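# Pasting the sequence and the predicted coordinates here, then a few questions.
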Amino acid sequence: MSYVRNAWYVAGWTPDLLVDTPTAIVVLGDPIVLWRGADGVVTALEDRCVHRLAPLSLGRCEGDKLRCMYHGLLFDRSGAVVEIPGQDLIPAQARVRRYPVVERHSWIWVWMGAAEADERLIPPAVGVDHPDFILGRGNLDYAAEARLINDNLLDFSHLSYVHAASFGSPESWARERPKITPLERGVRVERWVAGESVIPGQGAGKPIERYATYDFLIPGILLMTGGCYPVGTSAALGGAAPNLEEAESGVTFTSQAVTPMTGKTSRYFFSWGPHRQHGDEVLRDTLMGIAGMAFGEDKVMIEAQQRVIDATVNPRIMPTTADRAVTLFNRLVDKLAREEAVPMRAAS
Amino acid sequence: MSYVRNAWYVAGWTPDLLVDTPTAIVVLGDPIVLWRGADGVVTALEDRCVHRLAPLSLGRCEGDKLRCMYHGLLFDRSGAVVEIPGQDLIPAQARVRRYPVVERHSWIWVWMGAAEADERLIPPAVGVDHPDFILGRGNLDYAAEARLINDNLLDFSHLSYVHAASFGSPESWARERPKITPLERGVRVERWVAGESVIPGQGAGKPIERYATYDFLIPGILLMTGGCYPVGTSAALGGAAPNLEEAESGVTFTSQAVTPMTGKTSRYFFSWGPHRQHGDEVLRDTLMGIAGMAFGEDKVMIEAQQRVIDATVNPRIMPTTADRAVTLFNRLVDKLAREEAVPMRAAS
Amino acid sequence: MSYVRNAWYVAGWTPDLLVDTPTAIVVLGDPIVLWRGADGVVTALEDRCVHRLAPLSLGRCEGDKLRCMYHGLLFDRSGAVVEIPGQDLIPAQARVRRYPVVERHSWIWVWMGAAEADERLIPPAVGVDHPDFILGRGNLDYAAEARLINDNLLDFSHLSYVHAASFGSPESWARERPKITPLERGVRVERWVAGESVIPGQGAGKPIERYATYDFLIPGILLMTGGCYPVGTSAALGGAAPNLEEAESGVTFTSQAVTPMTGKTSRYFFSWGPHRQHGDEVLRDTLMGIAGMAFGEDKVMIEAQQRVIDATVNPRIMPTTADRAVTLFNRLVDKLAREEAVPMRAAS
C-alpha cells in the first residue's frame, strides 16, 4: 500500500488545537505532536523524545518551546533540544524531526515528504470560517486503511445501496456513469442524476434532477458542490454543468479529508453546509445530522470490508465500469509515490 | 492443526435463520453467508464480494438472490453475479464459491470440501423437532481451537473434576475406562459408571449405576444417550448395554456439534432433553440449566488451556490411558485430512 | 531484552496468598502456580499440566498436593505426578518444574535460574510486618517491559516533571546529580535536594532540604529511606549522609519490586510508610494516597513510552548525564545475564 509523502495531510481542525495544549496525531505511521504557542503559531514535531522515546505530546508548552515531561528536555520549534536539566553540553544530534505545517481553510496541514514543502499544493478546501458558507464539521476514526475510504469517495455508485436510508439516494446513482476528468493532482467527477425526489435537509417532494461535481485531490481531499434543478435541465444543457446560482435547492459545499494514520487506521475530517444565500444554521445542522448517519453507514461497510480483506490470503478485486475514477486516482498515487521514491534510492 | 474438509459442518440452527436475513459464519477460516429465501430454501455462499471484497452478509435478499449492499452487485444461488448496476457485460469470473448446504435435524450443514457433497455423511443427530424427544438448544463461542473441544468431549474422565458441581459426577468417571469401538467415521464410547447417586434434573437419591453411550463422528459431532439403573445391573449384564427403555431415570438424548471457525475460535452447538415418555418441558429446562453451567465450566478450562498452549514454545502432551478415544479420533482426522490432500496436489 | 534469571523475583504478597487457594503468576514468561498448604508452606510449580497443558492454577489443593482439575492428575510439592486416576503406571517424565520459593519481608520470592538458589541474594526489603515501620502496600500492573520501570526508578530526575503534582517535587530534583555508588548486586543512589518546601503527607511549609538514599538491587528491587532537614544541613555536612534519626520530617521507608511477567507486561509491588516513632496509620494512609497518584503518573508515562518504542522501527536512546545509575545497572544486568548464559551453552 503506497501513499504519496510529498503532500499536505490534514492533521486536525484549527479550532480544536488550543493554545499550550500539545496534541498527538499519527500520520503515515509517523507520530506527530502539534502544539500552538501563545502567539498562535502551530508547530509539528516528531512525537518521540530523543532521550528515552517518551511522547512529547505528554509534554508542557513553555512560550514557543515544548518540554518533555518525562525528564525535562526542552525542544524549540525547529525540533532542536535547547535544554537538558542539569547538563551543560547538548549533543548536536539532540533534535527531532520538524514537519512543515500550515493552517488554511480551518485545517492544520502537515507536509510529510522529503522534498521541500510547497504551499501551492494545499487543496482549495472551504474552511468553516468561509464568509460564503454556513458549515458544520466533524471527524471520524476508521479501523481501516485510508485507501478504502478514498475508493469509497471516488465511486458514488455506492450511494444507492449504502446511503438509501440517510441520503435517500435512488438507484440511478449506481446506474448512471459520471463524467470523469483527470487533473494534475487528482480527478474531477461530474454527474447529473435523474430520478430523485429527495433533497437532503428538505425532504421528499416533486421529481428533480441533481447536479453534483467534485474534485478528489492528492493525498485524499474531496471538494464537492452542486444543487437540484427542474426535470429536463440536464437535457436542455446537453449534460453540461448548470449555473449553480440558479439551483432550486440552493447550493451546498462539502470539504472532506482522509488521513492515513497507521497502515490500518485512518481519520476522516468533513464539513458540510449551505451557501449563506441558500440556507441557515438550522439547515446546516440538519445536513450534519444526515451526514453523521451516512458516514456511520460508510464506516460499518468499510471496516467490514477491511476485516474481509485481512482474513483473505491473496485478496484480489474485480473492477467494474463504476471504478474509473478509483482506478485513475490510485494510478496517480502509485505514479507519484514511485517518483518520489527514486531520488531517495539514488541518494542512498 | 488439520481438519477434514470433505465433511458436513454445522453452520447454524434451522430456527435461527430467518427468511431474507443474511447471516455470517466463518467455517474452517472460510467466511460464509447463509440466507433463506422466501421459499424457505437456504443458500451458502462465500461471504466476500468479487468486486471489492465487501461482505455479502451485509447484503439484501431479493427473491432468490442476494445483493451486495456496497455497490449493488447481485448474486444468484449458484454464486454467479447476475447484475452489475450500470454495466452490461458481466465477466465470466464474476462469481463466488457456493457451498453445498442441507437442513437436517434442526441444523444447517455446510459441506466444506472439494469432493462432491455426500448427504449420507450427515451424522444422525436428533433435531429439536424430533417427535420422540423434548429438547432444549443453545450454542456457545470459544476462544479456542475446535480440536481442544473435541478432545474434551472424547474423554469424559474430566467429568469428575470439571463437572463435579454441575453434573455431580463422582470420581468413578475418571477411574473407570469406557469400552471404545472404532467406527468408519468416528469412535463409539460406552461405559457403566458406578458410585453415582445424582440423576441430573432429579437430584441426589439412592445409589445407582449409570449407562452412557455416545458416538463421536467426523467432523466433531457427539450423539449421546443413556440412563440410570439399579446397582448390580452392570454386573448382571456382564457389562453389556442395557435395554434403554427400562432405565429407571428415563432416557435423555444430546446432540452436540463443534465447528472450527478460525484457527483459534470455535462455535459449539448443543441440544439436550428427555424422551417424551420419560420427561417434560420442565425437566428439559432443568437439564438445560445444568448444561449451561457445565458447558461454562468446560469453556473456562479449555480457553485457559488454549492460553497456556499459546504461551508455550514447543507444546507437547503426555497421553494417559484415558486418552484412547481422543487418540483414535485424532488419528482418523489426520488420516482423512491426508487422504483428501492427495488429489489436490495431484491436480495442481 | 535480557534479564538475570539467577535471582529472586517477587511473585506476590505473603498476606495475599491464602491457604488452599492456587494463584497464577507469570514471571520472565514462565507460567507459575503458587499455593499455600494448610501447614502454611508455599510451593511454586510450572503452571502447566504435563497431560494436556491445562493450568494447575485452576486446580484443587489436597493436603500438601495440588490436583489438576481437568483430568485429575495429582502433583506433589516437588512437581512430580503421584496419581493419574484410573492408571497404575506413572511415567518417569510426568513432572513439572519446581521453582525454589521463599517468603521473606512480606514478599513471596521465586528463584528463576538454573543455578542453585542462594537465599543470601534475597534483598533486605522491609516487610509490612516489620516492627519499626507502619507500612501500606499495593501493586500495579504495567503494559510495559520491566526494564522501562527499572529505568524510571534509577533516574529520579523525572520527579520534577512526572510527579510535580503528586510529590510536589521542585526542579532541583532534575538539576542536581546524585552520588552514585556501584554495589555488587546493584547501585546506591544518594542525594541532597534543595529548594523543597513540601513534605509528603505534611503539606507545604518553610524551605527544607531533603536527603534520600536508595539501593536498587538485582533483579529490580528499590529500597529507599530518607528525611527532611533544615536548610544548610547539607553544606554543614559537606554533602555527607545525615543522621536519619534527626530528620525533622521523620523517616519513611519504601520497598519496591519490579517483576517482568511477559516481555511487555510487568507487575510493580510497593510499600511505604513512616518509622513507628515518626508517624502513625493516618500518615501511612496519606502517603499511600500520594503514592497511588504518583505511580499512576509513572504508569501513564511509561506505557506511552512503550507504545512509542513499539511503533518505532529501530528505537535508539540518547543518554544524558542523569542516566548514570540507569547505565550502571543495565550493564550489570547484561553482564550477569551473559555470565549465566555461558554454562548453559557449555552444557548443551
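Here it is on my side, so go on. Numbering: from 1, shown residues only, chains lettered A, B, ... in the order given.

# Against C:Arg177, how distant is the residue in the stretch 1-150 of chain A that chain C sits nearest to?
Using CB to the nearest CB, the single residue of the stretch 1-150 of chain A nearest to chain C is A:Pro85, 3.8 Å away. The C-beta positions use only the backbone N, C-alpha and C, and glycine is treated the same way. Using CB to CB, to the nearest Å, A:Pro85 is found at 10 Å from C:Arg177.

# Quick check: neighbours shared by the two?
Contact criterion CB atoms under 8 Å, 6 or more residues apart in numbering or on different chains; residues shared by A:Pro85 and C:Arg177: C:Ala322.

# So for chain A, the centremost residue is which one?
A:Ala257 (0.8 Å; CA atoms, centre = their mean).

# check contacts around A:Tyr268.
Going by CB under 8 Å, 6+ apart, A:Tyr268 touches A:Asn139, A:Leu140, A:Asp141, A:Tyr142, A:Ile149, A:Gln256, A:Ala257, A:Val258, A:Thr259, A:Phe295.

# Can you give me the neighbour number for the third one?
What it means is A:Asp141. 12 (other CB atoms under 10 Å in any protein chain shown).

# tell me the secondary structure for it?
When classified by DSSP: H, G, I helix; E, B strand; the rest coil, A:Asp141 comes out as strand.

# how does chain A divide into domains?
What automatic domain parsing lists as the domains of chain A is A:8-121, A:136-331.

# got the buried residues for the helix or strand of chain A with the lowest mean pLDDT?
Ranked by mean pLDDT, DSSP states H and E, the helix or strand of chain A with the weakest confidence is helix A:324-347, at a mean of 84. Residues of helix A:324-347 classed as buried by neighbour count (16 or more other CB atoms under 10 Å in any protein chain shown): A:Arg324, A:Ala325, A:Val326, A:Leu328, A:Phe329, A:Asn330, A:Leu332, A:Val333, A:Leu336, A:Ala337, A:Glu340.

# Quick one: classify whatever residue of the stretch 51-200 of chain A ends up closest to chain B as helix, strand or coil.
As assessed by CB to the nearest CB, chain B sits closest to A:Ala174 within the stretch 51-200 of chain A, at 3.8 Å. Per three-state DSSP, the local secondary structure of A:Ala174 is helix.

# list the contacts for it?
So A:Ala174 contacts A:Ser157, A:His158, A:Leu159, A:Ser160, A:Tyr161, A:Ala322, B:His71, B:Gly72, B:Pro85, B:Gly86 (CB under 8 Å, 6+ apart).

# Just those residues: which are in helices?
A:Leu159, A:Ser160, A:Tyr161 (DSSP state H).

# wait, the last one sits on B:Leu73?
No - taking CB atoms under 8 Å as the definition, A:Tyr161 is not a contact partner of B:Leu73, at 9.6 Å.

# what touches both of those two?
B:Arg67.

# what about those two, which has more around it?
Counted by other CB under 10 Å, A:Tyr161 and B:Leu73 do not tie: B:Leu73 has more neighbours, with 29 against 25.

# so that one makes contact with B:Lys65?
No - taking contacts as CB under 8 Å, B:Leu73 lies outside contact range of B:Lys65: 10.4 Å.

# one step back: any residues touching the least confident helix or strand of chain A, and which ones?
A:2-7, A:113-115, A:147, A:150-151, A:154-155, A:177-178, A:180, A:182, A:185-187, A:189, A:216, A:218-219, A:319.

# go again using 6 Å as the cut-off
A:Ser2, A:Val4, A:Asn6, A:Asp151, A:Leu154, A:Asp155, A:Ile180, A:Pro182, A:Val187, A:Val189 (CB atoms under 6 Å, 6 or more residues apart in numbering or on different chains).

# picking up where we left off before, and the pLDDT at the residue of the stretch 1-150 of chain A closest to chain C?
We have a pLDDT of 97 for A:Pro85.

# got a list of what it touches?
Neighbours of A:Pro85 in contact, by CB under 6 Å, 6+ apart: A:Gly72, C:Ala174, C:Arg175.

# just curious, which of the contacts of A:Ala174 is nearest to B:His275?
Closest approach between these and B:His275, by CB to CB: A:Tyr161, at 50.2 Å.

# And stretch A:113-125, end to end?
21 Å (CA to CA, to the nearest Å).

# And it, how far out from the chain middle?
In this view, stretch A:113-125 has its centroid 14 Å away from the chain centroid, taken as CA atoms, centre = their mean, to the nearest Å.

# Sort out which residues of that stretch are buried, please.
A:Gly113, A:Ala117, A:Leu121, A:Ile122, A:Pro123, A:Ala125.

# Need the phi and psi values for the fifth one.
Torsion angles at A:Pro123 (phi, psi; degrees, to the nearest 10) stand at phi -60, psi 150.

# Many thanks, I have nothing further to ask.
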